[in-house]
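# A structural model of the following input is requested.
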Amino acid sequence: MAEQKTNVMRVLDQKKIAYTAHSYPHGDEAVDGVTVAKLTGLDPARVFKTLVTRGASKKNYVFVIPVAEELDLKKAAKAVGEKSIAMIHVSEINALTGYVRGGCSPIGMKKQFETVYHESCLPLPTMAVSAGKIGAQVELAPGDLIKTTRGKTADLIV
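I've put the predicted structure just below:
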């Protein structure tokens, strides 16, 4: 059975970026990232979650950090030059990004927000992020992912 391509996979195909698709069994609810790592057989240090935030200026930002870590809001604010940063309400995720909670990817959002990756991704051969829906991940080289989203890296975790 051919895997159903997600928007994320189509963007990567279009840009001719190599990736490996991973799918994992799931129900209707999002599972936490550490569980996703286990289900896909990937090291949790290489599986990253996508967090959507809003700064004091009302601008939105995307932060991508290892699944077992917690975003440090002060470090995040500093990375994007904001006074403060707060997580957006879960009810806003779909309208803002086009994705659902647990299936949010830094690639292919409705609008390209400023995106910052935790610097731990740089030495990794590959990293995995959501493929844009619950149950699907894409694994690719960090440099390709950062370039695709015009992102940058910083120290972002607690």
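# What sits closest to Tyr99 if chain neighbours are left out?
Spatially, and ignoring its direct neighbours in sequence, Tyr99 is nearest to Gly132 (5.9 Å; C-beta to C-beta, 6 or more residues apart in numbering). To be clear about C-beta, it is placed using only N, CA and C from the backbone, and glycine gets the same treatment.
# Confidence-wise, which helix or strand of this protein is lowest on average?
Using mean pLDDT, DSSP states H and E, helix 33-40 stands out as the lowest-scoring helix or strand of the chain, at a mean of 89.
# what's the offset of that one from the middle of its chain?
Distance, stretch centre to chain centre, for helix 33-40: 14 Å (C-alpha atoms, centre = their mean, to the nearest Å).
# secondary structure class for the residue positioned nearest the centre of the chain?
Central residue of the chain (C-alpha atoms, centre = their mean): Thr50, 3.0 Å from the mean position. Here Thr50 is recorded as strand under DSSP: H, G, I helix; E, B strand; the rest coil.
# List the contacts of it.
Val62, Phe63, Val64, Cys104, Ser105, Pro106, Val129, Ser130 (C-beta atoms under 8 Å, 6 or more residues apart in numbering).
# Can you report phi and psi for the nearest residue to Val52 once chain neighbours are set aside?
Leaving aside its chain neighbours, Val52 sits nearest to Ile88 (5.1 Å; criterion: C-beta to C-beta, 6+ apart). Here is the backbone geometry of Ile88 (degrees, to the nearest 10): phi -80, psi 160.
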